[in-house]
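Trainee: curious how this folds, go ahead:
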Amino acid sequence: MNDSGTQATVLVLFTTLVTVTLMMCVMTGPDREDLTNFYTGYLSLTPLKNGLAIAGDYISAATVLSTTGIIALAGYDGYVLAVSTALSLVLLMFLLAEPLRNAGRFTMGDVLARNMPGRSVRIAACVVTLSATLPFLVVQLSGAGSLLTFILDIPHVAGARTACIVIVGSLMIIYAAIGGMRGTALIQMIKILLLLGTSVVVAAFVLNRFDWNPSDVLRAAQHGSGAGPAYLQQGLQLGTSTVDRLDFVGLQVTVVLGVACLPHITMRLYSAQDVPAVRRSMSWAVGTVTTFCLLVIVMGTGAAALVGSGAITAADPHGRTSLLMLSQALGGAPGSAGTTILYSAVAGMVFITLLSSVAGMTLAAASSLAHDLFAHATRRGQASSPRTEMTVAAWTSVAVGTVAIVLATLVQHWDVGVLTTLAICIGASAVAPALTYSLFWRGFTRTGLLATLYGGAACALLSMIFSKAVSGTPSAVFPDADFHLFPVQSTGLVSIPFGYLAGWLGSRLDHRRRPADSRGNRRLYEESEARLLAAAE
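Mentor: Predicted structure coming up:
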């Protein structure tokens with residue numbers, strides 16, 4: 001429990017962060033007559049600033065809190081998850097970043113419609129974008145309700161959690177609608193600087209507690225976890241059977257392929273000035289994310305060593321409060337100045353992470369609705385004015401945010417962590433195949449693209465519904481029901497090959513049925529191939 005002084009400090013810090021970030025959004029908000037300003041911030045961000053913004057969008061509250069908790073409770077499994085998270089951005093940097101910057105303009109729909117223009121492609125891109133971002137939004141907002149009641153030491157009742165969800169959701173709507181790409185980028189930069197600074201301090205305190213000896217930290221973590229040597233072996237999170245090991249591999253593959261391909265991440269690449277700038281931006285982003293993942297490993301291990309799995313699971317079975325509890329353990333005596341300062345800093349870091357994460361996802365969903373659906377799919381060739389499209393983008397931010405708030409309120413008592421896995425699965429099973437085929441395969445056709453987007457997303461959704469993450473186990477969303485068909489929690493080993501196979505089969509069938517259209521798609525690809533793959537300006 002926190003004393004009144006700590007609560008007052010946290011409230012002052014929260015109010016300051018909200019005031020500063022709102023002022024920055026208003027001051028840097030886009031001109032309502034310029035789409036380029038709203039969607040890309042006039043391409044005015046330097047590689048360092050854009051790299052920090054990419055890293056800020058990439059590191060969500062789930063990365064900060066859930067990964068730390070998994071490390072604290074499951075050891076080795078959490079270490080691999082942290083490494084996979086960093087590897088996903090490395091894969092984006094070396095494989096997709098530069099071609100995406102050349103092929104895209106504002107949204108993922110622009111990339112996919114480059115060689116295959118048409119309403120059906122735009123609609124599919126919008127549907128998949130919403131399918132990947134809305135589950136993430138619900139998870140972040142639902143988690144915000146629980147975490148803010150814990151941070152502020154509010155009685156854990158539905159009314160308090162609902163109020164926290166509505167407050168965070170309302171702020172995210174304002175950030176996305178007013179700030180645009182540039183405003184949310186500034187918030188992401190503030191967030192990543194606070195994250196790195198606070199995490200460095202916490203990690204240093206952990207190591208200092210053990211005389212800077214990592215071996216002592218690991219030994220204490222093994223003891224505190226209650227697992228002993230098993231803490232440094234695979235299996236504490238998902239199990240050790242053959243199926244469990246396949247599930248573990250599938251989860252890591254899904255994370256590597258899916259996280260960096262989520263629409264709110266790839267959207268940041270279009271705000272780079274040119275290809276050399278996107279290359280330098282990605283270098284900054286990869287370095288920042290890798291550094292933070294290393295710090296997460298230290299902090300998660302420190303939570304196991306200093307707090308212990310018993311206390312962590314008593315507060316939250318999934319360990320999402322482990323970082324906050326670690327800051328209390330490191331600060332000294334309860335109510336002391338050290339505890340107040342460190343706990344307030346970590347709480348502020350968590351708060352700004354929640355706000356910035358949901359703001360970036362809301363902007364991506366609203367941009368796709370306004371640009372792909374309204375401006376291209378419903379206008380039937382009639383161009384809309386920039387002011388009209390930006391007005392639609394602002395109102396769709398309100399609509400997306402409202403839907404996310406309502407859903408998060410309705411499921412606030414559920415274990416919604418499965419929605420994070422679902423969103424990443426859609427990124428790996430639908431978005432990643434669509435982007436790689438569209439950018440690197442001459443024979444990719446409209447039918448193949450639609451099959452990849454709809455087929456990959458549908459397979460990820462259906463297989464997740466019938467997995468043991470939803471029913472059939474005590475830790476499932478519905479523990480009292482049992483309708484699971486897949487004995488795994490992450491269905492990437494099924495849905496990812498299905499997404500790639502659907503794209504290949506759809507394209508092959510298109511070549512046979514409509515050879516003229518296929519030749520047209522190939523011609524459009526060949527005309528832009530040199531510029532796309534050679535990174536020409």
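
Trainee: ramachandran angles for the residue most central in space within the chain?
Mentor: The centre of the chain sits closest to Ser60, judged by CA atoms, centre = their mean, with a distance of 5.1 Å. Dihedral pair for Ser60: phi -90, psi 180, per degrees, to the nearest 10.

Trainee: give the closest residue to it in space, chain neighbours not counted.
Mentor: Residue nearest to Ser60 in three dimensions, not counting chain neighbours: Ser357, with 4.4 Å by CB to CB, 6 or more residues apart in numbering. Bear in mind the C-beta positions are built from the backbone N, C-alpha and C, glycine included.

Trainee: could you do Met93 as well?
Mentor: Met282 (4.1 Å).

Trainee: coming back round to it: ok, the residue nearest to the centre of the chain touching Leu137?
Mentor: No. Assessed by CB atoms under 8 Å, Ser60 is found out of contact with Leu137, at 10.4 Å.

Trainee: returning to that earlier point: for the residue nearest to Ser60, what are its contacts?
Mentor: Asp57, Ser60, Ala61, Gln140 (CB atoms under 8 Å, 6 or more residues apart in numbering).

Trainee: tell me how far it lies from Phe210.
Mentor: 32 Å (CB to CB, to the nearest Å).

Trainee: returning to what we had before: for the contacts of Ser357, which one is nearest Thr353?
Mentor: Ala61 (4.9 Å; CB to CB).

Trainee: how far away is the closest one from Ile154?
Mentor: Distance from Ala61 to Ile154, by CB to CB: 18 Å.

Trainee: ok so, going back, need the overlap of contacts for Ser60 and Leu137.
Mentor: With CB under 8 Å, 6+ apart as the test, Ser60 and Leu137 reach no residue in common.

Trainee: show me the contacts for Leu509.
Mentor: Thr447 are the contacts of Leu509 under CB under 8 Å, 6+ apart.

Trainee: tell me which element it is part of?
Mentor: helix 492-513 (DSSP states H and E).

Trainee: pull out the buried residues from that helix.
Mentor: If you call a residue buried by 16 or more other CB atoms under 10 Å, then helix 492-513 has these buried ones: 492-496, 498-504, 506-507, 510-511.

Trainee: which residue in those has the weakest pLDDT?
Mentor: Lowest-confidence member of the buried residues of helix 492-513: His511, scoring 70 (pLDDT).

Trainee: that residue is in contact with Thr445, isn't it?
Mentor: Yes. Counting by CB under 8 Å, His511 does reach Thr445; the two are 7.0 Å apart.

Trainee: Ala475: neighbour count?
Mentor: Let me fix one detail, which is that residue 475 is Ser and not Ala. Counted with other CB atoms under 10 Å, the neighbours of Ser475 add up to 14.

Trainee: ok, now Val477?
Mentor: Residues near Val477, counting by other CB under 10 Å: 17.

Trainee: ok, for it, nearest residue in space, not its chain neighbours?
Mentor: Closest to Val477 by CB to CB, 6+ apart is Val470, at 5.0 Å.

Trainee: so how far is Gly250 from that neighbour?
Mentor: 16 Å.

Trainee: equivalent analysis for Val411, please.
Mentor: The value you get for Val411 to Gly250, if CB to CB is used, is 25 Å.

Trainee: of the two, which one has the most company?
Mentor: More crowded of Val411 and Gly250, by other CB under 10 Å: Gly250, with 22 against 16.

Trainee: for the host helix or strand of that one, C-alpha coordinates in CSV please.
Mentor: Taking DSSP H and E as the definition, one finds Gly250 inside helix 242-258. Below are the C-alpha coordinates for helix 242-258, written out as CSV (Å, rounded to 0.1, in the frame of the first residue of the first chain):
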residue,chain,number,x,y,z
THR,A,242,6.5,-31.7,-27.2
VAL,A,243,3.3,-29.8,-28.0
ASP,A,244,4.3,-27.1,-25.4
ARG,A,245,7.7,-26.7,-27.0
LEU,A,246,6.1,-26.3,-30.4
ASP,A,247,3.8,-23.7,-28.9
PHE,A,248,6.8,-21.9,-27.5
VAL,A,249,8.5,-21.9,-30.9
GLY,A,250,5.3,-20.8,-32.6
LEU,A,251,5.0,-17.9,-30.2
GLN,A,252,8.5,-16.6,-30.8
VAL,A,253,8.1,-16.9,-34.6
THR,A,254,4.8,-15.0,-34.4
VAL,A,255,6.5,-12.2,-32.4
VAL,A,256,9.5,-12.0,-34.8
LEU,A,257,7.3,-11.8,-37.9
GLY,A,258,4.3,-10.0,-36.5
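
Trainee: what about Ala469, distance to Asp244?
Mentor: From Ala469 to Asp244 the distance is 13 Å (CB to CB).

Trainee: that should have said Thr162, apologies.
Mentor: 37 Å.

Trainee: go on, Phe466?
Mentor: Taken as CB to CB, the span from Phe466 to Asp244 is 18 Å.

Trainee: what do you get for Ile154?
Mentor: For Ile154, the distance to Asp244 - CB to CB - is 38 Å.

Trainee: give me the number of residues near the closest residue to Ser283 other than its chain neighbours?
Mentor: Leaving out its chain neighbours, the residue that sits closest to Ser283 by CB to CB, 6+ apart is Gly51, at 6.9 Å. Neighbour count for Gly51, taken as other CB under 10 Å: 27.

Trainee: was I right to think Gly51 contacts Ala277?
Mentor: No. Under the criterion of CB under 8 Å, Gly51 makes no contact with Ala277, lying 9.6 Å away.

Trainee: contacts only, for Ala82.
Mentor: Thr67, Ile71, Cys293, Leu294, Val296, Ile297, Gly300 are the contacts of Ala82 under CB under 8 Å, 6+ apart.

Trainee: how much space separates it from Gln237?
Mentor: According to CB to CB, Ala82 and Gln237 sit 13 Å apart.

Trainee: Val411 too?
Mentor: Counting by CB to CB, the gap from Val411 to Gln237 is 23 Å.

Trainee: ditto for Leu501
Mentor: From Leu501 to Gln237 the distance is 29 Å (CB to CB).

Trainee: where in the stretch 251-400 of the chain is pLDDT low?
Mentor: Applying pLDDT under 70 to the stretch 251-400 of the chain flags the ranges 335, 377-384.

Trainee: let's see that with 80 instead.
Mentor: 271-275, 331-336, 338, 357, 375-387, 389-390 (pLDDT under 80).

Trainee: what are the boundaries of the helices in it?
Mentor: Along the stretch 251-400 of the chain, counting by DSSP state H, counting those that start in this stretch, helices occupy 263-266, 275-306, 309-315, 322-331, 337-367, 386-410.

Trainee: mind checking those helices for the one nearest to Ala375?
Mentor: helix 386-410 (5.1 Å).

Trainee: mind listing what's buried in that closest one?
Mentor: Those would be 386, 389-390, 392-394, 396-398, 400-401, 403-405, 407-409, for helix 386-410 by 16+ other CB under 10 Å.

Trainee: okay, now the unreliable bits of the stretch 401-537 of the chain?
Mentor: 413, 415, 475, 510-537.

Trainee: where do the helices sit along it?
Mentor: Using DSSP H, counting those that start in this stretch, helices in the stretch 401-537 of the chain cover 417-426, 432-440, 446-465, 492-513, 515-533.

Trainee: same check on the stretch 1-150 of the chain?
Mentor: 4-28, 35-40, 47-58, 61, 67-74, 76-91, 97-103, 108-112, 119-151.

Trainee: mean pLDDT lowest for which of those helices?
Mentor: helix 35-40 (a mean of 67).

Trainee: point out where the stretch 101-250 of the chain drops to low pLDDT.
Mentor: 102-106, 115, 117, 146, 152-159, 172, 175-185.

Trainee: swap the cut-off to 70 and go again
Mentor: Residues of the stretch 101-250 of the chain that meet the cut-off, pLDDT under 70, sit at 155-158.

Trainee: so how far is Cys25 from the residue nearest to the centre of the chain?
Mentor: Applying CB to CB to Ser60 and Cys25 gives a distance of 19 Å.
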